[in-house]
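Colleague: I'd like to go over a predicted model; first the sequence, then the structure.
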Amino acid sequence: MGSIIPERHPDIPVFDGLKPFRNDYRVDGDRWREIYDFYLEELPKQGWTADYEQAFGDHEAGSINEPGGFMSRWRKDGFDRELWIWASYNTLEDRTEVTYDKHPINTASTWIQEAPSQVCVSYATDLEDCNPITEQSRIAVLVSLINSAIDWEEAKEPRAHTSIIELGKLEVKILYEGDQEIYLVSNNGTKLMKPEHELFEAAGIVR
């Protein structure tokens, strides 16, 4: 996994107004939907094909007060990696944050076919202390991030913390520690993802 600088790639346009910061690009205001639509329209013109894309948040929840964002993965002949672009609206700072990344081409199996109406989160290693989540925008974020995480068949490195998310009949253990990559473990196998703050925010996990 590694970050990518879109300005160095003529086939990766930058949405007008985005400014680079240390680890992401930012623009004032809630602009994620415009950015999402922009890349769905412009990247195919540059030869990219969407391998996965999903929006989540306000358009589904029916409220302009709930933040949203999107996740997308793209492939192109001649590009030996997968381009990842995702964005979210930071309500506290009133800005939209966009990240560009490149990953080895891996599979990402779909664990959750349909978002449940409620999920249950435990911040321990069992579900005795369940914290229900019914906000559809948060559930959509969790479903999107879990489904888009890459399948992992290699050995898992130890992590200091474990939380559990119950989504319908599926129980997913989240193994995490600091800024290290996260393991998602269920009866379907293991997945790997970067320590995205959207996951912790949606699940209500305090690191």
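Modeller: The structure has been received and is ready for your questions. Since we're looking at a predicted model, the values are computed, not measured.
Colleague: three-state assignment of residue 43?
Modeller: Of the three states, residue 43 takes helix under DSSP: H, G, I helix; E, B strand; the rest coil.
Colleague: and if you look at residue 202?
Modeller: helix.
Colleague: make sure it is actually in contact with residue 138.
Modeller: Yes: counting by C-beta atoms under 8 Å, residue 202 does reach residue 138; the two are 4.4 Å apart. (Each C-beta comes from the backbone N, C-alpha and C, glycine too.)
Colleague: so how far is residue 22 from the most centrally placed residue in the chain?
Modeller: The chain has residue 145 as the residue nearest its centroid, 4.1 Å off, counting by C-alpha atoms, centre = their mean. According to C-beta to C-beta, to the nearest Å, residue 145 stands 22 Å off from residue 22.
Colleague: would you map the strands across this structure?
Modeller: All strands of the chain, identified by DSSP state E, fall at 2-3, 19-20, 25-28, 49-56, 69-75, 81-90, 95-104, 119-122, 131-133, 150-151, 161-167, 170-176, 182-186, 189-193.
Colleague: which ones are touching residue 42?
Modeller: With contacts defined as C-beta atoms under 8 Å, 6 or more residues apart in numbering, the neighbours of residue 42 are residue 13.
Colleague: give me the pLDDT for it.
Modeller: Note on residue 42: pLDDT of 98.
Colleague: pLDDT below threshold where in this protein?
Modeller: For the chain, the stretches with pLDDT under 70 are 1-2, 57-67, 125-128.
Colleague: let's see that with 50 instead.
Modeller: Within the chain, the stretches with pLDDT under 50 are 1, 59-65.
Colleague: so it: which segments form each domain?
Modeller: 2-104, 119-203 (automatic domain parsing).
Colleague: save those as a markdown table, and put in distance to residue 112 too.
Modeller: Below are the domains of the chain laid out as a markdown table (distance: least, C-beta to C-beta, whole Å):
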| stretch | distance to residue 112 |
| --- | --- |
| domain 2-104 | 11 |
| domain 119-203 | 5 |
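Colleague: which one of those lies nearest to residue 111?
Modeller: Closest to residue 111 of these, according to C-beta to C-beta: domain 119-203, at 5.2 Å.
Colleague: now do the end-to-end distance for the closest one.
Modeller: 9 Å (C-alpha to C-alpha, to the nearest Å).
Colleague: what of stretch 72-83?
Modeller: Termini of stretch 72-83 sit 8 Å apart (C-alpha to C-alpha).
Colleague: list the buried ones in it?
Modeller: Judged by neighbour count (16 or more other C-beta atoms under 10 Å), stretch 72-83 contains these buried residues: 72-76, 79, 81-83.
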